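**Q** From the sequence below, what's the structure:
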Amino acid sequence: MRQRRLMNQINVVPYIDVMLVLLVIFMVTAPMIPNATVDLPSVAKASQAPVPPIVITIKSDNRWSVEDRQTQKSASPVKEADLLQDVTNMQGDNPDKPVVIAADKSVRYEAVMKVMDLLKRNNINKVGLLVQQGS
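**A** Residues are numbered from 1 along each chain as shown. You can find the predicted model right below:
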């Protein structure tokens with residue numbers, strides 16, 4: 001009886017068959033993939049500087065003041081009834097001008113939420129909180 005010799009070569013024909021089948025599958029499915037469009041920012045949009053916000057300050061004794069950082073007007077005290085009118089006047093023709101609320105540490109959370117709620121109910125779109133970094 002003759003002994004069988006071991007082959008020291010790899011048979012690559014099955015691998016080539018598999019690769020050709022995969023190539024055909026990719027060639028058939030490639031036209032079916034929808035073209036994606038990428039909306040890149042334009043130069044005009046990127047060069048616009050951010051608009052300085054309107055700052056509503058709430059003091060610990062529940063006094064409110066409003067300041068427009070764009071016109072650099074100093075903070076003027078305001079009553080609750082007049083707050084909305086002052087903010088809309090400062091926004092003028094730009095209703096997307098941001099409004100931020102700055103409150104002392106000792107101010108109750110209810111007072112801040114009261115101002116936020118008043119602004120949101122009257123369609124002031126961009127309302128945020130002004131915070132300071134801790135030391």
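**Q** any idea where the strands of this protein begin and end?
**A** Along the chain, counting by DSSP state E, strands occupy 54-58, 64-68, 76-78, 99-103, 127-129.
**Q** In TSV: those strands, plus mean neighbour count, mean pLDDT and distance to residue 88.
**A** (C-beta placed from N, C-alpha, C; glycine too.) Compiled in TSV, those are given as follows (neighbours: other Cβ atoms under 10 Å; pLDDT from 0 to 100; distance: least, Cβ to Cβ, whole Å):
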stretch	mean neighbour count	mean pLDDT	distance to residue 88
strand 54-58	21	87	10
strand 64-68	19	85	11
strand 76-78	14	81	12
strand 99-103	19	89	10
strand 127-129	13	87	13
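**Q** Out of those, which is closest to residue 3?
**A** Comparing the strands of the chain against residue 3 with Cβ to Cβ, the closest turns out to be strand 127-129 (84.6 Å).
**Q** neighbouring strands for the closest one, and are they parallel or not?
**A** Each strand paired with strand 127-129, and its direction, by DSSP bridges: strand 99-103 (parallel).
**Q** Give me the contacts around the partner strand.
**A** The set of residues that contact strand 99-103 without belonging to it, under Cβ atoms under 8 Å, 6 or more residues apart in numbering, is 53-58, 87, 91, 111-112, 115-116, 119, 124, 126-130.
**Q** With just CA atoms, put that strand into PDB.
**A** Presented in PDB, the C-alpha positions along strand 99-103 are these (Å, rounded to 0.1, in the frame of the first residue of the first chain):
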ATOM      1  CA  VAL A  99     -32.600  85.900  27.200                       C
ATOM      2  CA  VAL A 100     -30.700  84.700  30.200                       C
ATOM      3  CA  ILE A 101     -31.600  84.700  33.900                       C
ATOM      4  CA  ALA A 102     -29.000  85.400  36.500                       C
ATOM      5  CA  ALA A 103     -30.000  84.900  40.200                       C
END
